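Student: Below: sequence and its predicted model.
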Amino acid sequence: MKGFFYFCFMLLFIGGPEVLIILFFIVIFFGSKKIPELAKGLARAIREVKDASNEIKKEIHDSASSITDEFDVKK
């Protein structure tokens with residue numbers, strides 16, 4: 001478990017040369033024809049996570065506003 005946290009911490013400090021090396025290995029392993037499909041899948045996943053987080057934020061905001069309406073708290 002310690003190695004996982006170290007790995008996550010190191011991802012925060014990734015630089016330009018590291019990104020180029022990672023992209024190079026992605027091209028080698030998946031090929032240039034698969035990269036657009038991978039990018040579309042990644043974009044779709046990010047969009048779904050963003051939509052879900054926006055929905056959760058909206059629900060929290062709505063429930064908080066209903067609580068303040070119940071107690072007649074002035075803004």
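Tutor: Looks like it came in fine.
Student: Contacts made by stretch 18-32 with the rest, please.
Tutor: By C-beta atoms under 8 Å, 6 or more residues apart in numbering, the surrounding residues in contact with stretch 18-32 are Ile35, Leu38. Just so you know, the C-beta spots here come from the backbone N, C-alpha and C atoms, and that holds for glycine as well.
Student: Please state the mean pLDDT value computed over that stretch.
Tutor: Confidence for stretch 18-32, expressed as mean pLDDT, is 84.
Student: Give the buried residues for it.
Tutor: Residues of stretch 18-32 classed as buried by neighbour count (16 or more other C-beta atoms under 10 Å): none.
Student: May I have it exported as PDB, CA atoms only?
Tutor: Extracted in PDB, the C-alpha atoms of stretch 18-32 (Å, rounded to 0.1, in the frame of the first residue of the first chain):
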ATOM      1  CA  GLU A  18       8.200  12.000 -18.600                       C
ATOM      2  CA  VAL A  19       5.000  12.800 -20.500                       C
ATOM      3  CA  LEU A  20       6.900  12.300 -23.800                       C
ATOM      4  CA  ILE A  21       8.200   9.000 -22.600                       C
ATOM      5  CA  ILE A  22       4.700   7.900 -21.600                       C
ATOM      6  CA  LEU A  23       3.300   9.000 -24.900                       C
ATOM      7  CA  PHE A  24       6.000   7.100 -26.700                       C
ATOM      8  CA  PHE A  25       5.200   3.900 -24.900                       C
ATOM      9  CA  ILE A  26       1.500   4.300 -25.600                       C
ATOM     10  CA  VAL A  27       2.200   4.600 -29.300                       C
ATOM     11  CA  ILE A  28       4.400   1.600 -29.200                       C
ATOM     12  CA  PHE A  29       2.000  -0.600 -27.200                       C
ATOM     13  CA  PHE A  30      -1.300   0.500 -28.800                       C
ATOM     14  CA  GLY A  31      -0.300   1.700 -32.200                       C
ATOM     15  CA  SER A  32      -1.300   5.000 -33.900                       C
END
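Student: Having no further points to raise, I will conclude here.
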